[in-house]
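A.B. asks: just to be clear, the model below is a prediction. Sequence and coordinates:
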Amino acid sequence: MSGKHFSGRIGLIGGEPTLHPQFREILELLQKEERVTNAVIFTNGIRMDETFDITKEEKFSVLLNLNSPADIGRDSFEKIQENTDVFVNSLHKRRSLTVGLNLYKPDMDCSFYKEFLRRFDVHVARLSITVPNHSLSSGFERFYEMKKLAYDLYVDLLYDGREVIFDCNMPPYCVWTEEEMKKISLIQSGRFADRRGFTLGCSECNPVIDILPDLTAVRCFGMSDSTKVKLSDFRSVDQLYKYYMKTADSRMVKIPSLTKCPACTYFRKKQCYGGCLASKNVQ
């Protein structure tokens, strides 16, 4: 497949992609494929060392999804630190490393994450609030529950000198109080030309197409159940992207997540999707 939305960048995601029995062979194919200029490996980091002989090359980068040692055990966490040390200091690939954290409960201890970033002087931090439970009628309960943790961590990381990327499921404009918005604006002022953290007044997402092992495609993992199609039915990535914009995004962005959404300027201009589109599948 080809198309303007294929920019030479490809991601390997799971589950845990390093557990795939042909993971090395997949990397070797990407290594030889000239059309792929950047291959991002989404991994927990435990088995990174098994393919350093390939991933040391410039085209490979890593998005390390870091988990707490309280959840995965001290031995596994130390193994991740050992692998990161090699990747950053021996292979000199600090600029090819992003460390992510999924925010899944409002009282979670994030100190291990901040310490990890400092230890390896990682420049880019990725945060994401986990996708809302489909038993909820709206994801907004989740945003109100998680916003203090997300805000506090965001501020700490900025003051620590990190560039913060806030991934999908970004809190909509209306969950913030006026005081919180002023604080966010003040903190962001003069820091980065491209604000990729909290974007006040804009909470939208475009299709992030995932290709599954059986060569079916989904708009994103959050909408896997409702957007699965055969990859062979499309001539290009561009055609597939347009298909999702027409059949999923253009329809679901019009569905209000709350009764107050239709009166919101950002919702009417389609600058706010009203939270994760996956939460609208229940409506």
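C.D. replies: Looks like it arrived, so ask away. Please read all numbers here as calculations on a predicted model, not as lab measurements.
A.B. asks: can you give me the helices for the chain?
C.D. replies: Using DSSP state H, the helices of the chain run over residues 23-32, 52-55, 69-72, 74-85, 111-120, 140-159, 178-188, 237-244, 250-252, 265-268.
A.B. asks: ranked by average pLDDT, which of those helices falls at the bottom?
C.D. replies: Note on those: helix 178-188 shows the lowest mean pLDDT, a mean of 82.
A.B. asks: tilt between it and helix 140-159?
C.D. replies: For helix 178-188 against helix 140-159, the angle by axes from the mean of the first three to the mean of the last three CA atoms, to 10 degrees is 30 degrees.
A.B. asks: report the distance from helix 178-188 to the chain centre.
C.D. replies: 23 Å (CA atoms, centre = their mean, to the nearest Å).
A.B. asks: so which bits of it are buried?
C.D. replies: Judged by neighbour count using 16 or more other CB atoms under 10 Å, the buried positions of helix 178-188 are 180, 184, 187-188. Every residue, glycine included, has its C-beta placed from N, CA and C.
A.B. asks: circling back: the helices of the chain into CSV, with extra columns for distance to Ser279?
C.D. replies: Output for those, formatted as CSV (distance: least, CB to CB, whole Å):
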stretch, distance to Ser279
helix 23-32, 33
helix 52-55, 35
helix 69-72, 25
helix 74-85, 31
helix 111-120, 26
helix 140-159, 8
helix 178-188, 22
helix 237-244, 17
helix 250-252, 10
helix 265-268, 15
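A.B. asks: of these, which is nearest Cys202?
C.D. replies: helix 265-268 (7.1 Å; CB to CB).
A.B. asks: mind listing what's buried in the closest one?
C.D. replies: For helix 265-268, burial by neighbour count (16+ other CB under 10 Å) applies to 266-267.
A.B. asks: fine by me, we can end here.
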